[in-house]
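[1] What follows is a predicted structure for the sequence shown.
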Amino acid sequence: MKINNYKYYPIIIICCAVAVLSGCATGVPHFKLDTSLQKYVRPMGGSEYISLGKVCDFYGFEHRCDNFARTAFISKGSNRIAVRAGGDRVLFNDEMVKMDKPVTMSDGELFVPLSFVRNNLGPIAGYRPAGKLPPAPEGPKRFTIKKVVIDPGHGGNDPGAIGRRTHVKEKVLTLKLAKKIKSLLEDAGLKVIMTRDSDVFIPLPRRSEIANKSGADLFISVHINASRSRMMRGFECYYLSNATDDNARALEAFENSSLKMDEAASAQHSKPLDKTLWDMTLTENRLESAELAGSICDSIDESLVTGNRGIRTARFYVLKHTNIPAVLVEAGYLSNKYEELKLKDPAFLDRIAESVVQGLLKYKREYERTEGFTKI
């Protein structure tokens with residue numbers, strides 16, 4: 001007897017549809033470029049690229065660009081991505097991922113290949129194509145500041161600047177001020193590591209090495225300034241970038257001069273780092289260092305303890321070779337006869353230390369509140 005199978009076709013079709021839909025539900029969706037963004041796509045070098053800023057704005061990713069270093073940082077929740085113009089690597093939550101095309105820059109704007117949107121922005125939003133890195137677990141503990149390295153400048157056979165009237169040495173004042181800062185930070189519940197706690201010479205590479213191996217969150221180098229002009233006075237706070245004036249360039253040369261005292265010294269990172277990874281890490285630290293410098297200078301302004309010359313930039317060795325956010329404070333000018341006398345006064349140093357610490361704690365609160373400045 002011949003059996004008619006046509007009546008089973010609807011059942012077979014339904015079963016197949018269920019199987020397909022089930023597969024779609026269990027599979028991981030791809031992160032696709034919205035059609036409204038197609039107008040921002042442009043051909044470059046035989047490939048299609050899109051403005052990174054336009055993509056981030058559309059999908060609601062936090063992003064910031066450092067044009068000085070041609071690097072962008074993107075974040076959502078606790079997930080973070082760093083990309084750099086000319087590079088074909090993505091730094092995804094401290095893991096390096098290779099792209100099929102390099103990032104490029106045009107008219108001051110970063111452009112990424114279209115494949116970057118699906119393969120690399122997908123994970124940061126929670127989409128994970130097969131074979132790609134999963135998003136890092138959420139958690140408030142990722143963005144906390146618990147440990148600080150304090151670096152008293154000079155020491156031992158390197159006296160630093162010397163006062164004209166009282167002959168007080170910078171190395172003595174920096175150690176006194178650093179110890180005051182340390183005590184106040186510890187009172188606030190932070191752990192503090194000193195690069196030196198006595199009158200000894202510590203080479204600049206060793207200071208950076210101490211910071212890089214410490215597991216600390218911030219680095220503050222403490223100095224007292226000097227200038228050929230006896231009129232120069234006031235507080236300054238530096239972060240890493242090119243020196244922008246003659247005074248900063250002269251100070252940069254002076255502070256880096258102790259490298260000559262240790263001819264065998266060479267820059268050592270805390271661990272072998274891929275150059276691209278190091279550059280991206282350094283760039284992000286530089287942005288956070290600028291925030292820290294601003295917070296400290298604001299605190300100096302509010303305290304009225306001394307004149308404030310504000311935020312400055314220079315390529316100090318200890319800032320360039322330290323892989324955490326880092327600033328260098330110049331608490332005053334020993335070459336100015338009035339500030340020389342003030343800097344010898346313990347009460348004045350107390351007030352400077354209090355202002356620096358209040359600035360650091362303000363930075364800490366904002367950093368933790370915004371989860372590493374990713375939510376503004």
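    Noted; the coordinates are in hand.
[2] domains of the protein?
    35-138, 141-369 (automatic domain parsing).
[3] TSV for those, including mean pLDDT?
    Shown next, in TSV, are these (pLDDT from 0 to 100):
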stretch	mean pLDDT
domain 35-138	74
domain 141-369	84
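[4] Quick one: the helices in this protein, in order.
    For the chain, applying DSSP state H gives helices covering 9-26, 52-59, 114-116, 122-125, 170-187, 204-214, 246-256, 275-303, 317-320, 337-343, 346-369.
[5] Look up how far residue 60 lies from residue 184.
    As judged by Cβ to Cβ, to the nearest Å, residue 184 and residue 60 stand 40 Å apart. For glycine as for every other residue, the C-beta is placed from the backbone atoms N, C-alpha and C.
[6] of those two, who's got more company?
    residue 184 (19 against 8; other Cβ atoms under 10 Å).
[7] which one is the more buried one nearest to, not counting chain neighbours?
    Nearest residue to residue 184, sequence neighbours excluded (Cβ to Cβ, 6 or more residues apart in numbering): residue 357, at 4.3 Å.
[8] show me the contacts for that neighbour.
    Contacts for residue 357 were tallied using Cβ atoms under 8 Å, 6 or more residues apart in numbering; they are 181, 184, 185, 188.
[9] out of the residues you listed, what pair is the most spread apart?
    181 and 188 (10.7 Å; Cβ to Cβ).
[10] Can you tell me which of the domains of the chain is packed in deepest?
    Mean neighbour count (mean count of other Cβ atoms under 10 Å) peaks for domain 141-369 among these, with a mean of 19.
[11] next one: it to chain centre, how far?
    Mean-position distance between domain 141-369 and its chain equals 16 Å (Cα atoms, centre = their mean, to the nearest Å).
[12] Next: stretch 101-111.
    Distance of stretch 101-111 from the chain centroid (Cα atoms, centre = their mean) equals 22 Å.
[13] That one: end-to-end distance?
    Terminal residues of stretch 101-111 lie 11 Å apart, using Cα to Cα, to the nearest Å.
[14] what sits up against that stretch?
    42, 44-45, 47, 49-53, 65, 67, 70, 72, 83-88, 112-113, 115-116.
[15] and if we set it to 7 Å?
    44, 47, 49-53, 65, 67, 70, 72, 83-88, 112-113, 115 (Cβ atoms under 7 Å, 6 or more residues apart in numbering).
[16] Okay, the residue nearest to the spatial centre of the chain and residue 71: tell me how far apart.
    Centroid-nearest residue in the chain: residue 285, 1.4 Å away (criterion: Cα atoms, centre = their mean). The gap separating residue 285 from residue 71 is 11 Å, by Cβ to Cβ.
[17] for residue 95, same thing?
    Plainly put, residue 95 is 17 Å away from residue 71 if you go by Cβ to Cβ.
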